[in-house]
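# quick one: sequence plus predicted model below, questions after.
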Amino acid sequence: SHHEIFLLNKKTGEEYPWGEYKPMDKAKVKEMQGRLGDLLHPKVGLALGVFNDPWYIETRQFLEKSVKYLEGFVKTEKYFAYKCRDNFILRKK
């Protein structure tokens, strides 16, 4: 599910399509954040620099999967702060 974003002409009440907002899966993002934290603080006993160590293989797969997931949200260069804006309409589709 996603939301459509419209600009609102406050004088006429007319709405103009501006873009879409696709919310991220909060559980998936939380999992990514936790795993990324683990990457910053390697576990004791990790075979550092061993390319084919299972930890490295799993980590590369996790990173590739995470990048692919996040890339699905970047469709445009239209970034803005929605907070405290009264001329934007966010409508769930």
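That came in fine, so what should we check first?
# following the top helix by length along the chain, which helix or strand comes up?
Longest helix in the chain, counting residues (DSSP state H): helix 54-71. Using DSSP states H and E, the next helix or strand after helix 54-71 towards the C-terminus is strand 88-92.
# where's that next one relative to the chain centroid, distance-wise?
Its chain's C-alpha centre and that of strand 88-92 lie 19 Å apart, by C-alpha atoms, centre = their mean, to the nearest Å.
# okay, now the sheet partners of it, with direction.
Next to strand 88-92 in the sheet, as set by DSSP bridges, lie strand 3-8 (antiparallel).
# for the helix or strand following the partner strand, packing partners?
Next helix or strand after strand 3-8 toward the C-terminus (DSSP H and E): strand 15-21. If contacts are counted by 3 or more C-beta pairs under 8 Å, 6 or more residues apart in numbering; DSSP states H and E, strand 15-21 sits against strand 3-8, strand 88-92. No exception for glycine: its C-beta is placed from N, CA and C like everyone else's.
# ok, which of the ones you listed comes nearest Gln33?
strand 3-8 (23.1 Å; C-beta to C-beta).
# quick one: residues in contact with the closest one.
14-23, 82, 86-93 (C-beta atoms under 8 Å, 6 or more residues apart in numbering).
# tell me how far Asp25 lies from Glu58.
Asp25 sits 20 Å away from Glu58, going by C-beta to C-beta, to the nearest Å.
# returning to that earlier point: ranking the helices and strands packed on strand 15-21 by burial, who's on top?
The highest mean neighbour count among the helices and strands packed on strand 15-21, using mean count of other C-beta atoms under 10 Å, belongs to strand 3-8: a mean of 16.
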